[in-house]
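Participant: Would you be able to build a 3D model of this:
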Amino acid sequence: MAQVEFGRSAALHVRRPKGGKASAHPIRGYELWMLTALRKAFPDNGYLFTTERRTPFTTDAINRLIKNTGNRAELPLPIHFHMLRHSCGYKLANDRIDTRGDLRLARPRVDHAHHALLSPARFKDFWRD
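Facilitator: Got it, this is the predicted structure:
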C-alpha cells in the first residue's frame, strides 16, 4: 500500500521499470472511494491488490490475468496489459483531452499524435461553419 497515498491529496505513486521516470497520479472520486473501501475490508493486508493466495501481483501475473480475461471474453485478438494504456489514450483523445503531459509518455508528441490520429472524434465538427 506504500504506493497509494490516501488523504486530502490522494495519489498513486508509480515506479516504472527500465529507467522510466517515477510519477504520482491523483486519485479522485469513485476510484478513491473504492480503494478506501478495499483498504478497510482488508486492514491487515500490506497490498491492495493480491492474487488468490494473498500475495502481491507480479508483472507476469497481471499479464496472464489480462490475457486470460481476453480469452474468456472471446476477443478476436490476443490482448496484453500495455493495451490498457493505449485504450486510455484513445479514450482521452476521443474526449479531446490533451494528454501530452498527463500520460507521462516517453515521447509525448509522437504518442499523443498517434492516439489523436486514430480518434474518430478528432473530425467531429471539423466542417461545421
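Participant: Identify the residue nearest the geometric centre of the chain.
Facilitator: Of all residues in the chain, the one closest to the mean position by Cα atoms, centre = their mean is residue 85, 5.5 Å from it.
Participant: so which strand or helix has it?
Facilitator: helix 82-94 (DSSP states H and E).
Participant: what about that helix, distance to the chain center?
Facilitator: The gap between the average C-alpha position of helix 82-94 and the chain average comes to 9 Å, counting by Cα atoms, centre = their mean, to the nearest Å.
Participant: just checking, what packs against that helix?
Facilitator: Using 3 or more Cβ pairs under 8 Å, 6 or more residues apart in numbering; DSSP states H and E as the contact definition, the elements that helix 82-94 packs against are helix 108-117. Every residue, glycine included, has its C-beta placed from N, CA and C.
Participant: let's go with 10 Å and repeat that
Facilitator: In terms of contacts (3 or more Cβ pairs under 10 Å, 6 or more residues apart in numbering; DSSP states H and E), helix 82-94 is packed against helix 59-72, helix 108-117.
Participant: hey, least reliable of the ones you listed by pLDDT?
Facilitator: When the helices and strands packed on helix 82-94 are ranked by mean pLDDT, helix 108-117 comes last with a mean of 49.
Participant: and the gap between residue 5 and residue 45?
Facilitator: Relative to residue 45, residue 5 is positioned 17 Å away (Cβ to Cβ, to the nearest Å).
Participant: got it, and residue 28?
Facilitator: Using Cβ to Cβ, one gets 23 Å for the distance from residue 28 to residue 45.
Participant: Neighbour count for these two, which is higher?
Facilitator: Neighbour totals were compared for residue 28 and residue 45, and residue 45 leads with 14 against 10 (other Cβ atoms under 10 Å).
Participant: Please list all residues in contact with that one.
Facilitator: 1, 38-39, 54, 56 (Cβ atoms under 10 Å, 6 or more residues apart in numbering).
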